[in-house]
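>>> Next input, structure requested:
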Amino acid sequence: MTTRALQADASRERILAAAAFLMKTHFRSDMRLEDVAATAEVSVQTILNKFGSKAELLDQALRRFISQIAKGRRSPEPGDTVGAIR
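From the prediction side, this is the model:
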């Protein structure tokens, strides 16, 4: 990957992480792209270029958050050898 592609991926990850973080403390309707941009250290235009809309950004952030929760629930507890084998 080129340096630019790596930077673009890093920006996307920061934006998704910022949106997921803010979703934990704000209602979806109260979240502003300006807040996400400030948290991710990017411009609002960068968010719109990458996701197209606030709705799409929040949908992707929510899907990622739900996936992380599901992955954690599927992981066996420490010391659960039977669960680790499944």
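>>> Which of the three states applies to residue 37?
Using DSSP: H, G, I helix; E, B strand; the rest coil, the structure places residue 37 in helix.
>>> Look at it and report its pLDDT.
What the model reports for residue 37 is a pLDDT of 97.
>>> Might one say that it is in contact with residue 49?
No: counting by Cβ atoms under 8 Å, residue 37 stays clear of residue 49, with 11.6 Å between them. To be clear about C-beta, it is placed using only N, CA and C from the backbone, and glycine gets the same treatment.
>>> And these two? Which one has more around it.
Taking residue 37 and residue 49 together and counting by other Cβ atoms under 10 Å, residue 37 has the greater number of neighbours (18 against 12).
>>> Run a quick neighbour tally on residue 62.
14.
>>> what about it, distance to residue 40?
Per Cβ to Cβ, to the nearest Å, residue 62 is found 16 Å from residue 40.
>>> what sits against residue 53?
Taking Cβ atoms under 8 Å, 6 or more residues apart in numbering, we find residue 53 in contact with no residue.
>>> Just give the nearest non-adjacent residue to residue 61, would you?
Spatial nearest neighbour of residue 61, excluding adjacent residues (Cβ to Cβ, 6 or more residues apart in numbering): residue 19 at 3.7 Å.
>>> Residue 62 too?
Using Cβ to Cβ, 6+ apart and skipping residues adjacent in sequence, the residue nearest residue 62 is residue 23, 6.8 Å away.
>>> Please report phi then psi for the one you found.
Note on residue 23: backbone dihedrals following degrees, to the nearest 10 are phi -70, psi -20.
>>> and it, how many neighbours?
16.
>>> if you skip the residues just before and after it, what's nearest to the residue most central in space within the chain?
What sits nearest the mean C-alpha location of the chain, by Cα atoms, centre = their mean, is residue 16, with 3.0 Å. Excluding the flanking residues, the one nearest residue 16 by Cβ to Cβ, 6+ apart is residue 61, at 5.2 Å.
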